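Asks: For reference, the sequence and a predicted model appear below.
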Amino acid sequence: MAVLPVVRYMILCDDCRVNDANPRLINLYGLLTNIDPGAESAHPLQYDQLCVYLALTECRGVGAAEIVCMFEETGERVFATPPQRISFGSDPLEVAGVTFRILACPFPRPGVYSVQFWYNDKVVDERPLRLR
C-alpha cells in the first residue's frame with residue numbers, strides 16, 4: 001500500500017518564488033480565496049495564472065502529482081495539470097516544497113471551485129476557491 005504525503009500547507013496564490021537571500025524561504029504573492037473579476041467582466045473568465053504551493057511531509061519514493069479543479073455545484077472537472085513526477089528524498093520528516101503554476105485557467109461561471117492536490121491517483125487535500 002502506497003503512503004500518501006501529508007500536506008502541511010496548500011496555498012493558492014498568484015505566484016510564489018524562492019527567496020534569493022535564503023532558499024529555505026518562500027515568498028507568496030497575491031493569496032487567493034476569492035476571485036472577483038469586477039462588474040464589467042463577463043463569464044466565462046480566464047484567470048492568467050494560478051499558483052498552488054504545497055509544503056509536504058512524510059514523503060517517500062517517487063510518485064505522480066497533479067492539481068485538479070472541480071466545480072463544486074456539478075462535480076465537473078474544469079481543468080487539471082498534467083501529472084508531474086516527484087522524487088522525494090530518503091528522509092520522510094523533511095518538508096518538501098512543490099509548486100504548480102497553471103496558466104490560462106478557465107472558470108466557466110461564478111460559484112465555488114475545489115482546487116485539489118492528487119498524488120498517485122488519490123485526492124490528498126483540497127482548497128475552496130470562490131469566483132464571484
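Replies: Nice, I can see it.

Asks: centroid residue for this structure?
Replies: residue 52 (3.2 Å; CA atoms, centre = their mean).

Asks: which intervals of this protein have sub-threshold pLDDT?
Replies: Within the chain, the segments meeting pLDDT under 70 span 1-2, 39-40.

Asks: quick one: the strands in it?
Replies: Secondary structure of the chain by DSSP state E: the strands cover 6-18, 26-31, 34-35, 45-57, 62-71, 76-80, 84-87, 96-107, 111-119, 122-131.

Asks: tell me the most buried of these?
Replies: strand 111-119 (a mean of 19; mean count of other CB atoms under 10 Å). C-beta: built from backbone N, CA, C; applies to glycine.

Asks: That one pairs with which strands?
Replies: Its sheet considered, strand 111-119 pairs with strand 62-71 (antiparallel), strand 122-131 (antiparallel) by DSSP bridges.

Asks: Let me have those in JSON lines, extended by distance to residue 116.
Replies: As requested, the strands paired with strand 111-119 are exported to JSON lines (distance: least, CB to CB, whole Å):
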{"stretch": "strand 62-71", "distance to residue 116": "5"}
{"stretch": "strand 122-131", "distance to residue 116": "4"}
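
Asks: With residue 79 as the reference, name the closest of these.
Replies: Closest to residue 79 of those is strand 62-71 (CB to CB; 5.1 Å).

Asks: what's in contact with that closest one?
Replies: Here strand 62-71 makes contact (CB atoms under 8 Å, 6 or more residues apart in numbering) with 2, 5, 52, 76-88, 98, 100, 102, 105, 108-109, 111-121, 123, 129.
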